[in-house]
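Participant: predicted coordinates and the sequence they were generated for:
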Amino acid sequence: MMQVKSVTRIFGQKAALDDVSFAVEKPGFVGIIGRSGAGKSTFLRVMNRMTDATSGSLMFDDRDVLALEGGAKRAWQSQCAMIFQQFNLVPRLDVVSNVLHGTLNRRSTLASMFGFWPDDDVLKAFAILERLDIAEQAAKRAEALSGGQQQRVAIARALMQDPKVILADEPIASLDPMNAQVVMDSLRRIHDEDGRMVIANLHTLDTARRYCDRVIGMRDGRIVFDGTPDQLTTGVARDIYGADASFNEGATSTAIETLGTEGDDAYAQSMMA
Ligand SMILES: Nc1ncnc2c1ncn2[C@@H]1O[C@H](COP(=O)(O)OP(=O)(O)OP(=O)(O)O)[C@@H](O)[C@H]1O
């Protein structure tokens, strides 16, 4: 259903993506891992057409989405919803209005500005919030919610678009372990129940192993690993992160039981830097 062929993105002298190719046969739950600067965000942004590729193609259901323009490009962006580390909600706006913003691409600006939402859309927004277990927060301002709740609102906004694909750029990087788990459980459930493809950039190995069907490892803009969670051994992870024998994978973990010493935290920070 998706073939990424030789996708390259050059910024100045640097290839953020360097000849990236892979295929996805069925809508899976794919994790992308790699140290900071590996090209993970650039890939998601190229796929969603927020950033243009320098060369290459990305065939999705037999059309090259990197070549789409105008209305066709906007339609693709709506089928390929994106969620971000910092949630990107409108903080002062109530939760349900934030969710309704997921329909903006098919609504007139004027109607949206004055808050005229069709009843069907409002009902749909509440049903999605219910599904994500945050319907009781619907009337609150987004800024009054915890990070984990805000990220679930962002997922709800994405679902309003009824997307084929959800791209998640470090969706749990700003969350504590408990909230991280709730958000990842929600994404996995949406994938399992709706059959939507999820591609998530993740900064912790245990999350990639636990939630993904397939893990892609990137280093310096290139794919250096593509396999199942079982194949993602500590040695493989060390290669992906470009770390030496002192690599301690517990330090890249957000799992409650492996959150550890200050030393580990310092190591994790150095890996992200
Ligand atoms: N708009 C841009 N202009 C110039 N360079 C960029 C731009 N966007 C990304 N880069 C560079 O491309 C490389 C890949 O960046 P990217 O953000 O994709 O990495 P990443 O793996 O997502 O890292 P992080 O986890 O820190 O977001 C980096 O060297 C980065 O500095």
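Facilitator: Alright, I've got the coordinates.
Participant: next, the buried residues of stretch 211-225.
Facilitator: Of all the residues in stretch 211-225, those buried under the rule 16 or more other Cβ atoms under 10 Å are 211, 212, 214, 215, 216, 217, 218, 219, 221, 223, 225. From N, CA and C alone the C-beta is placed, and that goes for glycine too.
Participant: touching the ligand at all, that stretch?
Facilitator: No - shown here: stretch 211-225 not in contact with the ligand (Cβ under 6 Å from any ligand atom), separated by at least 6.5 Å.
Participant: the closest residue to residue 170 other than its chain neighbours - how many residues pack around it?
Facilitator: Residue nearest to residue 170 in three dimensions, not counting chain neighbours: residue 85, with 4.1 Å by Cβ to Cβ, 6 or more residues apart in numbering. Here the neighbour count serves as a burial measure; for residue 85 (other Cβ atoms under 10 Å) it reads 18.
Participant: same question, residue 116
Facilitator: Using other Cβ under 10 Å, residue 116 has 10 other residues around it.
Participant: pLDDT score assigned to it?
Facilitator: Per-residue confidence at residue 116 stands at 71 (pLDDT).
Participant: assign it to helix, strand or coil.
Facilitator: On the three-state scheme (DSSP: H, G, I helix; E, B strand; the rest coil), residue 116 is labelled coil.
Participant: same deal with the one 10 residues further on?
Facilitator: Per three-state DSSP, the secondary structure class of residue 126 is helix.
Participant: same question for residue 167.
Facilitator: Counting by three-state DSSP, the backbone at residue 167 sits in strand.
Participant: ok, residue 170 - contacts?
Facilitator: Residues counted as contacts of residue 170 (Cβ atoms under 8 Å, 6 or more residues apart in numbering) are 41, 84, 85, 201, 202, 203.
Participant: what about these, which are in strands?
Facilitator: Of the positions in those, 84, 201 sit in strands, assigned by DSSP state E.
Participant: need the contacts of residue 170 in JSON lines (columns: distance to the ligand and pLDDT).
Facilitator: Compiled in JSON lines, those are given as follows (distance: Cβ to the nearest ligand atom, whole Å; pLDDT from 0 to 100):
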{"residue": "41", "distance to the ligand": "3", "pLDDT": "97"}
{"residue": "84", "distance to the ligand": "11", "pLDDT": "95"}
{"residue": "85", "distance to the ligand": "8", "pLDDT": "93"}
{"residue": "201", "distance to the ligand": "6", "pLDDT": "97"}
{"residue": "202", "distance to the ligand": "10", "pLDDT": "95"}
{"residue": "203", "distance to the ligand": "7", "pLDDT": "88"}
